[in-house]
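Asks: Sequence and predicted model, in that order:
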Amino acid sequence: MHKDVEQARFNMIEQQIRTWEVLDGSVLDLLGKVPREAFVPEQYRGLAFADLEIPIGFGQTMLSPKMEGRILQALDIKPTDKVLEIGTGSGYLTALLAAQAKEVHSIEINAALSQAAQLKLAQQQISNVIFHVGDGTPGWPGNAPYDVIVFTGSLPLLPEQAQQSLNIDGRLFAVIGEAPAMEAIMIRRVNATTFRQDILFETCIPELGNAPQPARFAF
């Protein structure tokens with residue numbers, strides 16, 4: 001069994017993640033070390049390394065492995081970074097962020113999911129994550145400023161105030177738009193008043209719970 005798991009993990013990294021332009025050695029090493037299967041619900045354990053979004057209950061899903069790899073590579077997290085994660089979900093991306101950062105504040109709107117993730121991270125002896133239950137879509141100014149902010153679900157619109165919580169040279173990753181056309185973007189704070197926005201790639205991921213919706217026009 002153990003040998004099969006390691007082979008599946010190796011295949012995931014080589015065939016899905018690396019081929020999706022994730023070539024950063026430290027990211028690939030991390031994906032090889034943090035046991036993704038430990039964060040997958042029991043009934044889907046056999047799909048832990050598959051190229052898909054796995055249901056985790058409450059209408060939510062885990063991101064695909066290649067997406068998680070791409071996020072980590074884009075954010076280039078440093079050991080001194082303070083990270084804000086909006087959407088704890090399964091806790092797997094939280095664990096990956098925590099392995100690279102100084103501390104992670106992880107926000108989850110669903111208390112049961114937050115509790116389950118806390119348990120999983122404790123089992124992995126990860127202790128630099130502070131969990132919060134609440135709606136993080138507008139950002140989480142209470143613990144600001146942050147060096148890194150990552151939204152784990154898509155948003156139709158970018159919440160303006162979230163980027164105000166970034167330190168100078170801080171990075172914010174979000175997937176913006178509505179299915180089927182979404183863009184992964186990176187916002188970097190250049191100084192007190194200037195932000196630079198880059199489009200990284202096109203993708204389509206499930207929407208974050210409670211995401212603010214654009215005004216709809218009725219005709």
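Replies: Received, thanks.
Asks: so what's the residue nearest the centre of the chain up against?
Replies: With distances taken as CA atoms, centre = their mean, residue 152 lies nearest the centre of the chain, 4.0 Å away. Contact analysis of residue 152 by CB atoms under 8 Å, 6 or more residues apart in numbering lists 63, 85-89, 93, 208. Where C-beta positions appear, they are placed from N, C-alpha and C, glycine not excepted.
Asks: Report all helices and strands that the helix or strand of the chain with the lowest mean pLDDT contacts.
Replies: Using mean pLDDT, DSSP states H and E, helix 160-163 stands out as the lowest-scoring helix or strand of the chain, at a mean of 89. If you count contacts as 3 or more CB pairs under 8 Å, 6 or more residues apart in numbering; DSSP states H and E, helix 160-163 packs onto strand 146-155, strand 166-178.
Asks: Next, the angle strand 166-178 makes with the first one.
Replies: Yep, that's strand 146-155 we're talking about. Relative orientation of strand 146-155 with respect to strand 166-178: 10 degrees, computed using axes from the mean of the first three to the mean of the last three CA atoms, to 10 degrees.
Asks: Quick one: mean pLDDT over strand 146-155.
Replies: Mean pLDDT, strand 146-155: 97.
Asks: mind checking the SS state of the closest residue to residue 190 other than its chain neighbours?
Replies: Distances taken as CB to CB, 6 or more residues apart in numbering put residue 196 closest to residue 190, at 5.6 Å, once the chain neighbours are dropped. With DSSP: H, G, I helix; E, B strand; the rest coil as the basis, residue 196 sits in strand.
Asks: Enumerate every residue touching residue 87.
Replies: Here residue 87 is in contact with 107-109, 136, 151-153, 208-209 (CB under 8 Å, 6+ apart).
Asks: Now for residue 77, how many residues are close by?
Replies: 25 (other CB atoms under 10 Å).
Asks: now residue 125
Replies: Neighbours of residue 125 under the rule other CB under 10 Å: 6.
Asks: Okay, it and residue 44: tell me how far apart.
Replies: 24 Å (CB to CB, to the nearest Å).
Asks: Sketch out the low-pLDDT regions of this structure for me.
Replies: Residue ranges of the chain with pLDDT under 70: 1, 217-219.
Asks: So which residues of it form strands?
Replies: With DSSP state E as the criterion, the chain has strands at 55-57, 60-61, 82-86, 103-108, 129-133, 146-155, 166-178, 181-189, 195-203.
Asks: Compare those strands and give me the one nearest residue 15.
Replies: With CB to CB, the closest approach to residue 15 among the strands of the chain belongs to strand 195-203: 18.5 Å.
Asks: now for the closest one, which elements pack on it?
Replies: Judged by 3+ CB pairs under 8 Å, 6+ apart, the packing partners of strand 195-203 are helix 65-75, strand 181-189.
Asks: got the contact list for the longest one?
Replies: Counting contacts by CB under 8 Å, 6+ apart, the residues outside helix 65-75 that touch it are 12, 16-17, 20-24, 27-28, 30-31, 36, 49, 51, 63, 92-93, 96-97, 100, 148, 150, 171, 173, 184, 186, 200-201, 203, 205.
Asks: Just the CA trace of it, in PDB.
Replies: Output in PDB follows, covering the C-alpha atoms of helix 65-75 (Å, rounded to 0.1, in the frame of the first residue of the first chain):
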ATOM      1  CA  PRO A  65      -2.900  19.500  -7.100                       C
ATOM      2  CA  LYS A  66      -1.600  21.500 -10.100                       C
ATOM      3  CA  MET A  67      -3.500  24.600  -9.100                       C
ATOM      4  CA  GLU A  68      -2.100  24.400  -5.500                       C
ATOM      5  CA  GLY A  69       1.400  24.000  -7.000                       C
ATOM      6  CA  ARG A  70       0.900  27.000  -9.300                       C
ATOM      7  CA  ILE A  71      -0.400  29.200  -6.400                       C
ATOM      8  CA  LEU A  72       2.700  28.400  -4.300                       C
ATOM      9  CA  GLN A  73       5.100  29.000  -7.100                       C
ATOM     10  CA  ALA A  74       3.500  32.400  -8.000                       C
ATOM     11  CA  LEU A  75       3.500  33.600  -4.400                       C
END
